[in-house]
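Asker: Have a look at this prediction, sequence included:
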Amino acid sequence: MSSVFFVVLGVYIAVIMSISIWSYFRTKTEVDFLAAGRSIGPIVGGAVLAATQISAGTFVGTAGRHYLAGVSWVFPWLGLWAGWLVCAFFVAPKLRRLGALTVPDYISARFGSPLAGALAGVLIVVAYTIYLVAQFQAGGEVAEVVFGIRPLTAMLIIVASTALYTLLGGVRSSSYIDFLQTMIMIAALIVAVPVLLNQVGGGDPLAAVQRSLGFLDTLDDRLVGWYYRPRELLAFAIAFGLSIAAAPYELTRFYSMRDERTVRRAIFIAIGFQVVIATCIMSIGMLMRVLFPNLPSQDQATAIMALHVLPPVVGALLLVAMLSAIMSTVNSVLLVTGAGVAHDLYGKFIRPNASQKHLVNANRLAIVVLSIIPLYFALQKLGDVQGIVLEQAKFIASFFFVPIVIGLNWRGGTAKGAVAAMIGGFLACLAWTMFFQEHYFPLYGIDSVEPGVAVSLLLFIVVSKLTKPNPGQNLEVFFAEQEKDRNKNRNKNHKKG
């Protein structure tokens, strides 16, 4: 396996470095670095959105949850796709119309408040540092199981390789690399599932499915039914759905696409990619439970499969796909957090008159620094990979869903309302996690994201109603289409009258 893997890995690295170098010579301005010159089309854009979301949390964490909990873990995917649909119809077109570079740019423009934008930048850095912990931890788990190397060594390799191609070409290189990574992920998963079915059923796929379901039902009947209660699954689905509808590492990719129509088409293409990936990941998790019912850690399921079940070439392809999943997400998160520091804080408050070359270099320096911080926490193994991903999703939803999704569709939101919503949502989610989650979630299925978003929404509405409304020019780009529709309806009603 090792020699085949390193050959496949070598080809993969050669391709991504070629793309990065090509992109480097086409990156001259901050718009080039953070938005690829707004040149990305729907197919590449859809692959980018899919690759960004399909992370270590999917290949390691979600497969691990299906190994642990069986079929019922599919329901969080439904929440995720519902969040994508909310994004497609109510968020993405308006954000692309703005033509900004980051989510804090939107917050500043929509609410007319640089302070609100700066707060958004700080929250992004905090939340996505947690997300990077999950990615690095997953890489360490896989490397330890497959190659027997220390997790820290694997994490450093991931950081160095991903940071390098992120530094070189920014969003332009990462977009085309993400397209490649999505194709690798889908190919590896589609090939792996039949191999597992053959191992279980001896060449008869239908017999393999029947045998698997029978074995899992005997092992634990919850694996083919309700491992989690419906209310708990609903809470998980809400967390992922609300988060993806307002996730900065996805939303900033809209700015790199050609126009509003491209953005919407890309989202539907991304959902298509994710349906294929989700189906394969569920099958892998459950089939691995049949073949290896007592693994020491659920997060080891895919690595064990690549090492002991799949043929060498297929196993090598799957390991590269897992690496691709980690790298694509780390890349997107580093771009967003680096921009949060360099563009939204440094470029606006410390060096507002800096040259484009200086700002590009500031983004690169921020990426290097922010790639190192999560390593310490990843080595502590603070939880399973999917659990860490879920926690950051709850916080993202709690402080960004309301000012982004509601703020884009309600004219009445004000700057003070947005600030109150972000701070209140963050604190409510944190307080519930620390003091109430352990007691109330098992009893009532009330997850921390629900009070977080509820408090955020309440504060947004109440504080906005009590404070001075935003100037009309701040709202025009977001609500011009609604005003046109209202005027048309008024004219029609006037003519009828």
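Answerer: Done, it's in. None of the values given here were measured: they were computed from a predicted structure.

Asker: What mean pLDDT does stretch 95-108 get?
Answerer: Averaging pLDDT along stretch 95-108 gives 85.

Asker: mind listing the helices in the stretch 351-497 of the chain by residue range?
Answerer: 356-372, 374-380, 385-401, 415-431, 437-444, 449-466, 472-496 (DSSP state H, counting those that start in this stretch).

Asker: helices or strands next to the second one in the packing?
Answerer: Identification of packing neighbours for helix 374-380 by 3 or more Cβ pairs under 8 Å, 6 or more residues apart in numbering; DSSP states H and E yields helix 114-147, helix 151-201. (Glycine included, C-beta is placed from N, CA and C.)

Asker: hang on, the earlier thing: turn the helices of the stretch 351-497 of the chain into a markdown table, including distance to Val15 and mean neighbour count.
Answerer: A markdown table is the format used below for these (distance: least, Cβ to Cβ, whole Å; neighbours: other Cβ atoms under 10 Å):
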| stretch | distance to Val15 | mean neighbour count |
| --- | --- | --- |
| helix 356-372 | 21 | 18 |
| helix 374-380 | 27 | 17 |
| helix 385-401 | 27 | 27 |
| helix 415-431 | 40 | 23 |
| helix 437-444 | 44 | 12 |
| helix 449-466 | 39 | 21 |
| helix 472-496 | 39 | 11 |
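
Asker: Turn those into CSV, including distance to Ser212 and mean pLDDT.
Answerer: Output for the helices of the stretch 351-497 of the chain, formatted as CSV (distance: least, Cβ to Cβ, whole Å; pLDDT from 0 to 100):
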stretch, distance to Ser212, mean pLDDT
helix 356-372, 40, 87
helix 374-380, 33, 83
helix 385-401, 22, 85
helix 415-431, 38, 95
helix 437-444, 30, 78
helix 449-466, 33, 95
helix 472-496, 50, 63
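
Asker: Pipe those into TSV and attach distance to Met17 per row.
Answerer: Converted to TSV, these look like this (distance: least, Cβ to Cβ, whole Å):
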stretch	distance to Met17
helix 356-372	17
helix 374-380	23
helix 385-401	27
helix 415-431	39
helix 437-444	44
helix 449-466	39
helix 472-496	39
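
Asker: that older thread, would you mind finding the most buried of the helices and strands packed on helix 374-380?
Answerer: helix 114-147 (a mean of 23; mean count of other Cβ atoms under 10 Å).

Asker: if we can go back for a sec, please produce CSV containing the helices and strands packed on helix 374-380, extended by mean pLDDT.
Answerer: Formatted as CSV, the helices and strands packed on helix 374-380 follow (pLDDT from 0 to 100):
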stretch, mean pLDDT
helix 114-147, 85
helix 151-201, 85
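
Asker: Tell me which of those helices sits nearest to Glu30.
Answerer: Shortest separation from Glu30 across those is recorded for helix 151-201, at 8.9 Å, computed as Cβ to Cβ.

Asker: Next secondary structure after the closest one?
Answerer: Downstream of helix 151-201, the next assigned helix or strand under DSSP states H and E is helix 205-219.

Asker: relative to helix 151-201, how tilted is that following helix?
Answerer: 110 degrees (axes from the mean of the first three to the mean of the last three Cα atoms, to 10 degrees).

Asker: Which neighbouring elements make contact with helix 205-219?
Answerer: Helix 205-219 packs on helix 151-201, helix 260-291, going by 3+ Cβ pairs under 8 Å, 6+ apart.

Asker: Tabulate those in JSON lines, adding columns for distance to Ala88.
Answerer: Below are the helices and strands packed on helix 205-219 laid out as JSON lines (distance: least, Cβ to Cβ, whole Å):
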{"stretch": "helix 151-201", "distance to Ala88": "18"}
{"stretch": "helix 260-291", "distance to Ala88": "4"}
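
Asker: Reformat the helices and strands packed on helix 374-380 into CSV and put distance to Arg26 next to each item.
Answerer: Converted to CSV, the helices and strands packed on helix 374-380 look like this (distance: least, Cβ to Cβ, whole Å):
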stretch, distance to Arg26
helix 114-147, 26
helix 151-201, 6
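
Asker: Those helices: which one's closest to Ala301?
Answerer: Across the helices and strands packed on helix 374-380, closest to Ala301 is helix 114-147 (Cβ to Cβ), at 9.9 Å.

Asker: before we move on, the earlier item: identify whichever of the helices of the stretch 351-497 of the chain lies nearest to Ile21.
Answerer: Of all the helices of the stretch 351-497 of the chain, helix 356-372 comes closest under Cβ to Cβ, at 15.1 Å.
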